[in-house]
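> When you get a sec, could you give me coordinates for this:
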Amino acid sequence: MSVVAVVLSVLALVLNGLMAGVFFAFSTAVMPGLDAVGEDGATAAMRSMNRKILNPGFLSTFTLAPVASLLAGVFLLIGGDGGPAVLAFAAAAVYFAGSIVVTAAVNVPMNNAIEAGELAWKAYAPRWTRWNTLRGWASALAVALLGVALYVWV
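Next up, the predicted model:
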């Protein structure tokens, strides 16, 4: 059992869990809360959040989650633990497709459109929240895959 594989697997689990929590909180509390304050207030608040979320804490967690999963898979594979490695690779792929690709293809363009005043809150909020919820479920699935990988491995 490689110490590096253990550390990377736990780190990947934590990073993916943090992202699942961020996405879950936005879909279940932040967006409904913004809807409750009205279109002008919601738009202004979302613009502010979109600017403030671009910080080292969020960006490093967001981008390192799949990297840690991928590296955990590599070190598990090197150690001869093929089953858990496949699960870690699957976690990296699910997170990448469901979080990073969706963010780049849908959520960020929508954030840019609302920032520029090109998209009204009523059109923005339901679609953004649906895609954000997908990001949350992808992150949660990555956590589950990593948890099973650790369980099977240990």
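> Flag every buried residue along stretch 96-109.
Going by neighbour count (16 or more other C-beta atoms under 10 Å), the buried part of stretch 96-109 is Phe96, Gly98, Ser99, Ile100, Val102, Thr103, Val106, Asn107. C-betas here are computed from N, CA, C, even on glycine.
> pLDDT (mean, whole number) over that stretch?
Average pLDDT, stretch 96-109: 98.
> swap in stretch 28-38?
Stretch 28-38 comes out at a mean pLDDT of 97.
> Alpha carbons of that stretch, in PDB - could you do that?
Listed next in PDB are the C-alpha coordinates belonging to stretch 28-38 (Å, rounded to 0.1, in the frame of the first residue of the first chain):
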ATOM      1  CA  THR A  28     -30.400  24.400  -2.900                       C
ATOM      2  CA  ALA A  29     -29.900  27.600  -1.000                       C
ATOM      3  CA  VAL A  30     -28.100  30.400  -2.800                       C
ATOM      4  CA  MET A  31     -30.200  30.400  -6.000                       C
ATOM      5  CA  PRO A  32     -33.600  30.100  -4.300                       C
ATOM      6  CA  GLY A  33     -32.500  32.800  -1.900                       C
ATOM      7  CA  LEU A  34     -31.600  35.100  -4.800                       C
ATOM      8  CA  ASP A  35     -34.900  34.300  -6.500                       C
ATOM      9  CA  ALA A  36     -36.600  35.500  -3.400                       C
ATOM     10  CA  VAL A  37     -35.100  39.000  -3.400                       C
ATOM     11  CA  GLY A  38     -36.200  39.900  -6.900                       C
END
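> Start from the N-terminal end of the chain and give the helices.
Applying DSSP state H to the chain gives helices spanning 3-25, 31-37, 39-52, 56-78, 82-95, 102, 108-115, 121-153.
> Pick the most buried one from these.
Most buried of those by mean neighbour count (mean count of other C-beta atoms under 10 Å) is helix 82-95; its value is a mean of 22.
> and the helix or strand following that one, what does it pack onto?
Next along the chain after helix 82-95, taking DSSP states H and E as the criterion, comes helix 102. Other elements packing on helix 102 under the criterion 3 or more C-beta pairs under 8 Å, 6 or more residues apart in numbering; DSSP states H and E are helix 121-153.
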